[in-house]
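Asker: Here is my input, please return the structure:
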Amino acid sequence: MFLEKIEIKNYKSITELDWTLNEKLSCLVGQNESGKSNLLELFDYVEPKNSKILHYTKHTSRSSNEYINQELPKLRYTYKIHIPVITELFTLFKKNNVNTDEIPLKEYGNYYIIEVDEKQPNLQTEYFLFNNKKIEIKGLKVNGPPPPPQATGVRRNHVAINQAKINEILLFINKNKTNIIKLEDDFKISYEASIESLKNGTSKNTTLFRLMIIAGLKDPSKIPNKKAQLKQYLKRLNKDLNNNFIKKYYSQDESVKMEFTHDSGLISLEIEDNTESSYEMEERSDGFKYFFSLLVEMASHQEGNGDSIFLLDEPGAKLHPSGQRDLLKYLEELSEKHRIIYTTHSPFLINRLYPNRVKIVERNHEKGTIFKYKGFSKNWKPMRSSLGLNIKDSFYYSDKALIVEGPEDLIFISSLINYFNANREISLNTDLFSFIDAGGESNLPAMVQIIMDDERPTLVLIDSDSQSTFNKLSKKVSKVNDESILDLIQVNEYKKEAVSIEDLLPYQLLESAVLNYCSELVDDEVLELKVSSSFDPIDLSKTSSSRYNASISSFVKKYYKEVDLDEDLWSKKKTPISKVGIARHFELLLVVDEIDKSKLDFKPILKLIKTIADKLGLIK
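Answerer: Model (predicted):
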């Protein structure tokens, strides 16, 4: 059962917010007091083992009528029930004689809802929503033989039996719900334990034991007691620990090694570095201890195949920038199996190749805490603003830079790099470069000069209709006369008639992205349909001129109208819908498994990506 959405009304700084938890890795960025920590707190009220009691004086927004009326905030948690769980659930219903005659079981559209009870703050209302048919847990009809009317007290026992059956169902539900793992920074660090306590399990919650499990310890009861055997046993664990964990996730100092050592019945952890001395963990810096304790804690919670969400509030606060990059690398890998939500003030914990991960958290005067989903626009200006960074803060950028005209190029290229990496078409080290959009063609020369002044190797990608700007940049390239320092590529080098990056993309996916984006704008009441008849196809198969200008723009104007614009102004509008919006939906379609992409033509765009990788030296 997959926690899919949280709906919030009047919780602290949050006036009203629907939060869909659809990202494997979500990064919340915002200034202090914007509400980031409040968002993480919402998970405290969904897990029974971590549940806290709501009280209006502490938790209800003080600017709301609910606070005046001494009412609680409204919290609603929606779980998507997967088909195998539904099958088991209905088997359990049948076993416990639950009446399922009125439950419309189908393959899709089935949810489990938890609502915090606003009248009894320590209770929750729980119910199923099977294709809009509401089935309350307490209202499940449990059938059974009627008690004999003459027997005293039997009816009470019968009710108790029914409640026990319902409790069995609730136990099954809780077992299959998303596991919420909130990692605080006050880890109970213990890197020493006796052999006896390791073998009998009394030290299983120590950091040492968890680290030994990471190193490959399978059965603690088989740890040898004899000195010679134990030495060999620990030697093997040490080798695996350093090769598979330390070297992989701690790149800040390649000389660091960790060793499990034995002395007088105690096993402890020692650390070696290029000073050729040994140290205990307690002797290292707070940042060093925090980094490894956090990694060990996260690794120790990965058991089982169920859905989990890891929550981290400012995980990089105690770490050097290089340590933050190492941590992000670990989070990237962990997110392949689990969902992770973390807050940060650091640019080093943000991977700009995944723009849809970043949610800018702002405190709006009227709406309270809100999300801004386009933190990448205008060269990540919203994100830089929330972090307190200016463009002159050049430490934000990596050693190499790719500069493009606009944010849509950023989304298209970054999503395609991820797609080609996932499909093993390429293997790029994306940590080595910054992705910068100039905010428009006219800004390209100035942006290039800024990065060049900072002595960073730079590659510029420009559309084929930007001849004047291309000439200006060509002069800069000629003056530098070193392609490893400054180089320039144009879109039509990868497809003769291409004008912009959209012209290099598989037209079928681009068409679907346009249609999906238009539907979104209609739902948001930005656009309205002019006609109710079916659409003529968008002709994107040819690129004799820009697909956007020649086909997409005309298609949108023909079938849609902007709600707040008169017909005359609408017909004159050159860009009726945002290229960024199309790019965002294109990125979503790339990861939809149901779409067969094997017959789509990715060759032009793949050629461009490989050129970028080659010129910036990104090949792993």
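
Asker: Show me the helices in the stretch 451-600 of the chain, by range?
Answerer: 467-480, 507-523, 547, 553-559, 567-572, 579-590 (DSSP state H, counting those that start in this stretch).

Asker: and what of the stretch 301-450 of the chain?
Answerer: For the stretch 301-450 of the chain, the helices defined by DSSP H, counting those that start in this stretch cover 321-334, 377-387, 407-422, 444-453.

Asker: Select, out of the helices of the stretch 451-600 of the chain, the one closest to Leu295.
Answerer: helix 579-590 (29.7 Å; C-beta to C-beta). C-betas here are computed from N, CA, C, even on glycine.

Asker: Remind me what the closest one packs against, helices and strands.
Answerer: Helix 579-590 is packed against helix 407-422, helix 507-523, with contacts defined by 3 or more C-beta pairs under 8 Å, 6 or more residues apart in numbering; DSSP states H and E.

Asker: Arg76 and Gln124: what is the separation?
Answerer: Arg76 sits at a distance of 10 Å from Gln124 (criterion: C-beta to C-beta, to the nearest Å).

Asker: intersection of neighbour lists for those two?
Answerer: Listed as contacting both Arg76 and Gln124 by C-beta atoms under 8 Å, 6 or more residues apart in numbering are Ile114, Glu115, Val116.

Asker: Ranking helices and strands of the protein by mean pLDDT, which lands last?
Answerer: helix 377-387 (a mean of 58; mean pLDDT, DSSP states H and E).

Asker: Output the helices of the stretch 451-600 of the chain as TSV; include the columns mean pLDDT and mean neighbour count.
Answerer: Output for the helices of the stretch 451-600 of the chain, formatted as TSV (pLDDT from 0 to 100; neighbours: other C-beta atoms under 10 Å):
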stretch	mean pLDDT	mean neighbour count
helix 467-480	89	14
helix 507-523	91	18
helix 547	89	27
helix 553-559	90	18
helix 567-572	86	11
helix 579-590	90	21
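
Asker: Just send these back as a markdown table, with distance to Asp240 too.
Answerer: Formatted as a markdown table, these follow (distance: least, C-beta to C-beta, whole Å):
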| stretch | distance to Asp240 |
| --- | --- |
| helix 467-480 | 48 |
| helix 507-523 | 43 |
| helix 547 | 52 |
| helix 553-559 | 57 |
| helix 567-572 | 65 |
| helix 579-590 | 36 |
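
Asker: between the ones you listed, which gets nearest to Asp263?
Answerer: Short answer: helix 579-590, nearest of the helices of the stretch 451-600 of the chain by C-beta to C-beta, at 54.7 Å.

Asker: chain center to the closest one: distance?
Answerer: From the chain centre to the centre of helix 579-590 is a distance of 17 Å (C-alpha atoms, centre = their mean, to the nearest Å).

Asker: do stretch 247-261 as well
Answerer: On C-alpha atoms, centre = their mean, the centre of stretch 247-261 falls 28 Å from that of its chain.

Asker: ok, the residue nearest to Ile309 when sequence neighbours are not counted - contacts?
Answerer: Among residues not flanking Ile309 along the chain, Arg339 sits closest, at 4.6 Å (C-beta to C-beta, 6 or more residues apart in numbering). The contact partners of Arg339, by C-beta under 8 Å, 6+ apart, come to Leu21, Glu23, Lys24, Leu25, Ser26, Asp307, Ser308, Ile309, Phe310.

Asker: Need the worst-confidence member of these.
Answerer: Minimum pLDDT across the contacts of Arg339 is recorded for Asp307, with 81.

Asker: residues contacting Pro242?
Answerer: No Pro there; residue 242 is Asn. Shown in contact with Asn242 (C-beta under 8 Å, 6+ apart): Lys257, Met258.

Asker: quick one: it is in a helix?
Answerer: Yes - counting by DSSP: H, G, I helix; E, B strand; the rest coil, Asn242 falls inside a helix.

Asker: For it, give its distance to Asn364.
Answerer: 49 Å.

Asker: Tyr11 too?
Answerer: 15 Å.

Asker: Also Asp437?
Answerer: Distance, Asp437 to Asn364, by C-beta to C-beta: 25 Å.

Asker: Between these two, tell me which one has more neighbours.
Answerer: For Asp437 and Asn364, the more surrounded residue by other C-beta atoms under 10 Å is Asp437, and the numbers stand at 25 against 13.

Asker: For the stretch 101-250 of the chain, which segments count as helices?
Answerer: Remark: helices assigned in the stretch 101-250 of the chain by DSSP H, counting those that start in this stretch are 154-176, 195-200, 207-215, 227-241, 247-249.

Asker: Tell me which of these lies nearest to Lys558.
Answerer: In terms of C-beta to C-beta, the element of those nearest to Lys558 is helix 154-176, at 48.7 Å.

Asker: Tell me how far the residue nearest to Ile309 lies from Glu587.
Answerer: Applying C-beta to C-beta, the value for Arg339 to Glu587 is 18 Å.

Asker: likewise Lys218?
Answerer: Taking C-beta to C-beta, one finds Lys218 at 41 Å from Glu587.

Asker: just to revisit the earlier point, dump the helices and strands packed on helix 579-590 to CSV, plus distance to Glu333.
Answerer: Below are the helices and strands packed on helix 579-590 laid out as CSV (distance: least, C-beta to C-beta, whole Å):
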stretch, distance to Glu333
helix 407-422, 13
helix 507-523, 28
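
Asker: Just the C-alpha atoms of stretch 342-360, please, in PDB.
Answerer: The C-alpha trace of stretch 342-360 is given here as PDB (Å, rounded to 0.1, in the frame of the first residue of the first chain):
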ATOM      1  CA  TYR A 342      14.800  15.900   2.600                       C
ATOM      2  CA  THR A 343      15.200  19.600   3.300                       C
ATOM      3  CA  THR A 344      18.300  21.600   2.600                       C
ATOM      4  CA  HIS A 345      19.800  25.000   2.400                       C
ATOM      5  CA  SER A 346      22.800  23.800   0.400                       C
ATOM      6  CA  PRO A 347      23.300  23.800  -3.400                       C
ATOM      7  CA  PHE A 348      25.600  20.800  -3.000                       C
ATOM      8  CA  LEU A 349      22.700  18.600  -2.000                       C
ATOM      9  CA  ILE A 350      20.800  19.500  -5.200                       C
ATOM     10  CA  ASN A 351      21.200  17.600  -8.500                       C
ATOM     11  CA  ARG A 352      20.200  20.100 -11.200                       C
ATOM     12  CA  LEU A 353      19.800  17.300 -13.700                       C
ATOM     13  CA  TYR A 354      16.600  16.300 -12.000                       C
ATOM     14  CA  PRO A 355      14.600  19.700 -11.900                       C
ATOM     15  CA  ASN A 356      11.300  18.100 -11.000                       C
ATOM     16  CA  ARG A 357      12.700  16.800  -7.800                       C
ATOM     17  CA  VAL A 358      13.200  20.300  -6.400                       C
ATOM     18  CA  LYS A 359      10.200  21.900  -4.600                       C
ATOM     19  CA  ILE A 360      10.700  25.500  -3.600                       C
END
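
Asker: Distance from the chain centre to that stretch, please.
Answerer: 9 Å.

Asker: repeat for stretch 498-511
Answerer: Distance, centroid of stretch 498-511 to centroid of chain: 27 Å (C-alpha atoms, centre = their mean).

Asker: Ok, stretch 554-564 next?
Answerer: So, by C-alpha atoms, centre = their mean, the centroid of stretch 554-564 is 34 Å from its chain's centroid.

Asker: Stretch 5-16 too?
Answerer: The answer for stretch 5-16 is 20 Å, by C-alpha atoms, centre = their mean.

Asker: so how far is Glu4 from the residue nearest to Ile309?
Answerer: Here Arg339 is placed at a distance of 11 Å from Glu4 (C-beta to C-beta).

Asker: if I look at those two, which residues touch both of them?
Answerer: Counting by C-beta under 8 Å, 6+ apart, the shared contacts of Arg339 and Glu4 are Leu21.

Asker: and Tyr250, which of the helices and strands packed on helix 579-590 is closest to it?
Answerer: For the helices and strands packed on helix 579-590, the distance to Tyr250 is smallest for helix 407-422, at 23.3 Å, taking C-beta to C-beta.

Asker: And that closest one, what does it pack against?
Answerer: On a contact count with 3+ C-beta pairs under 8 Å, 6+ apart, helix 407-422 meets helix 377-387, strand 400-404, strand 433-437, helix 579-590, helix 603-616.
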